[in-house]
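A.B. asks: how would this look folded up:
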Amino acid sequence: MQSHLDTQRQPPAVKPNHVAGLLLAAWFCALGAQAQIIVNGGFESPAIPADTLLPAAPDGWSVDPHGYTHTGYIMNGKYGDIWPWPQSGQQYFDVGNGSTYVLSQTFSVTAPGSYQLDWFATAATSVDFLQYFVTIKDAAETTVASGSYDDATRTAWRARSLGMTLGAGAYTLSFMPGDVGGDLLVDTVALTLVPEPGAWALLAALGLAGFTVGRRFCRRK
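C.D. replies: Purely as a prediction, here's the structure:
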């Protein structure tokens, strides 16, 4: 006669391919934790009515006019005749022109490594030339990455990127127009962790191991 314990349903065995899958999931979760760092990079918040502008800083960002009353504009849709449609979504930000205006955001990095900053920029349609600067500084105000950009543009959004190595800590990203050209328009700002070559190799090895072990397990059943 079987005992009560013998007849109880046993927990399912953990298959080897499940272990590999869990390892892959953990790896992706660790990578995704720093996958997107910039807050409100599309300037969609606060949302404003269609085809209007609002003189205010977007949520998560600050605007320093250095004593001037102009604080930049959240732009929605196609406003007037000289501003373009957003690069993506419904809104973008008009930083202004001249080095007195700075759009910035402070963010934190928890995973040291290689990072890439991506964004789109253009100018008002009445301007053929745009000059601006991008910097990332650490908590000690030391510049860890910077770039200057001179774009001949008329309504066409131009994709830009800036690579850097960051340690754990707080940083400040800034966009500053130059003294030459029209208003700096910015959209779709993103800072992402770039996996090292060794990380991709580890991912490939885990995937291959999971596939191989899984096939062997299935053949033995």
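
A.B. asks: The top strand by length along the chain - contacts with which helices or strands?
C.D. replies: Determined from DSSP state E, the single longest strand within the chain is strand 169-181. Applying 3 or more CB pairs under 8 Å, 6 or more residues apart in numbering; DSSP states H and E, one finds that strand 169-181 contacts strand 91-96, strand 102-109, strand 129-138, strand 184-194. Bear in mind the C-beta positions are built from the backbone N, C-alpha and C, glycine included.

A.B. asks: Tell me, how many residues neighbour residue 52?
C.D. replies: 13 (other CB atoms under 10 Å).

A.B. asks: contacting residues around it?
C.D. replies: By CB atoms under 8 Å, 6 or more residues apart in numbering, residue 52 lies in contact with 76, 77, 79.

A.B. asks: SS state for the last one?
C.D. replies: Using DSSP: H, G, I helix; E, B strand; the rest coil, the three-state assignment for residue 79 comes out as coil.

A.B. asks: so what's residue 105 up against?
C.D. replies: With the criterion set at CB under 8 Å, 6+ apart, residue 105 makes contact with 38, 39, 60, 61, 62, 172, 173.

A.B. asks: host element of residue 57?
C.D. replies: Using DSSP states H and E, no element contains residue 57; it sits outside every helix and strand.

A.B. asks: do residue 99 as well
C.D. replies: Residue 99 is located outside every helix and strand, with elements delineated by DSSP H and E.
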